[in-house]
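Colleague: Sequence and predicted structure are below.
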Amino acid sequence: MTNPDLAVDCPRCGLRTARFVDLCRNCGYKLWPSSEMASAAFKAWQDADPERALASRFDLELPRRVDNTIDFSARARELGIHLFPNSNWPFTICVGALFLGLAAIPFPAQPRIALAIIGGLIFLYGVVGWVLLEDVRMFPSDSTGSGTEVHH
Ligand SMILES: [Zn+2]
């Protein structure tokens with residue numbers, strides 16, 4: 001098993017096809033007497049080299065291990081795009097928005113004012129925590145240009 005190829009040119013139609021599948025995938029030409037023989041030949045081929053462990057006999061070439069992980073925050077910084085940090089603060093903001101929404105229901109005035117105050121405080125607390133505290137901590141360089149009112 002010195003031939004490292006996973007594909008062959010079909011002797012009948014001349015198109016590339018998987019070498020260890022018994023039938024040509026283009027014209028159905030019988031490349032191997034039986035599927036079992038093709039499979040056994042593939043196993044022998046695979047065992048000859050540990051790099052072939054990931055290959056399937058339906059592949060036309062050896063699968064390559066590709067590192068697809070991307071550091072999006074590093075990439076964004078490179079491109080000058082501002083990403084908000086991953087954070088739990090948006091949940092706080094949503095709770096505040098919930099109370100503000102309840103305050104919009106035409107209850108008697110007093111509960112509405114109470115709800116609006118509670119909601120407003122929670123909402124502002126969330127915004128301050130997320131935008132001013134956490135964001136500035138994660139992106140210290142951003143705050144120098146965008147405004148000094150952050151550093152009270
Ligand atoms: Zn063929």
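Modeller: Great, that's in hand.
Colleague: And the pLDDT for residue 76?
Modeller: At residue 76, the model reports a pLDDT of 85.
Colleague: going on from the helix or strand hosting it, what's the next piece of helix or strand?
Modeller: Residue 76 is located in helix 72-79, with elements delineated by DSSP states H and E. Stepping forward along the backbone from helix 72-79, the first helix or strand reached (DSSP H and E) is helix 89-103.
Colleague: got the buried residues for the helix or strand that that following helix is followed by?
Modeller: Later in the chain than helix 89-103, the nearest helix or strand by DSSP H and E is helix 109-127. By 16 or more other C-beta atoms under 10 Å, the buried positions in helix 109-127 come out as 115, 118, 119, 122, 123, 126. Quick note: C-beta positions are derived from backbone N, CA and C, even for glycine.
Colleague: The second one reaches residue 98, doesn't it?
Modeller: In other words, residue 118. No: Residue 118 is beyond contact range of residue 98, at 10.0 Å (criterion: C-beta atoms under 8 Å).
Colleague: before we move on, the earlier item: who touches the helix holding residue 76?
Modeller: 82, 83 (C-beta atoms under 8 Å, 6 or more residues apart in numbering).
Colleague: The residue most central in space within the chain: helix or strand, and which one exactly?
Modeller: Centroid check for the chain by C-alpha atoms, centre = their mean gives residue 69 as the closest residue, at 8.1 Å. Here residue 69 sits in a region with no helix or strand, counting by DSSP H and E.
Colleague: Report pLDDT for it.
Modeller: Reported pLDDT for residue 69: 85.
Colleague: Can you tell me how far it is from residue 75?
Modeller: 11 Å (C-beta to C-beta, to the nearest Å).
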